[in-house]
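> Okay, sequence plus prediction incoming.
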Amino acid sequence: MKADIHPEYHTATVKCACGNTFQTRSTQSEIHTDVCSQCHPFFTGKQRLVDTAGRVERFRQKFGKQST
């Protein structure tokens, strides 16, 4: 490997929009994120499931076989 061509790899602080902070390693010293494992719905278990069956049924009732 060539000397002095790689960026320095050091400890970085990751700051989430929810206020959570944690340490990792990166070429940047500070990283700002919108979501993390503490606030993402998949990891918190607060997922919102979309009721597509109900929406499809309402669409069919509204725009289904209409007499012209």
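Yes, it's here.

> what about C36, neighbour count?
17 (other CB atoms under 10 Å). Every C-beta, even on glycine, is put in place using the N, C-alpha and C of the backbone.

> Excluding covalently adjacent residues, which one is nearest to it?
C16 (4.0 Å; CB to CB, 6 or more residues apart in numbering).

> The one you found touches Q38, doesn't it?
Yes: with contact defined as CB atoms under 8 Å, C16 counts as touching Q38 (6.9 Å).

> Tell me, how many residues neighbour the residue nearest to C36?
Counted with other CB under 10 Å, C16 comes out at 18.

> same question, C39
C39: 16 neighbours (other CB under 10 Å).

> and the nearest residue to S37 once chain neighbours are set aside, what helix or strand is that in?
Counting by CB to CB, 6+ apart, F43 is the residue found nearest to S37 once chain neighbours are left out, at 4.6 Å. Using DSSP states H and E, F43 maps to helix 41-44.

> What mean pLDDT does whatever helix or strand comes next after that helix get?
Following helix 41-44 in sequence order, the next helix or strand is helix 52-63 (DSSP H and E). Mean pLDDT, computed over helix 52-63, is 80.
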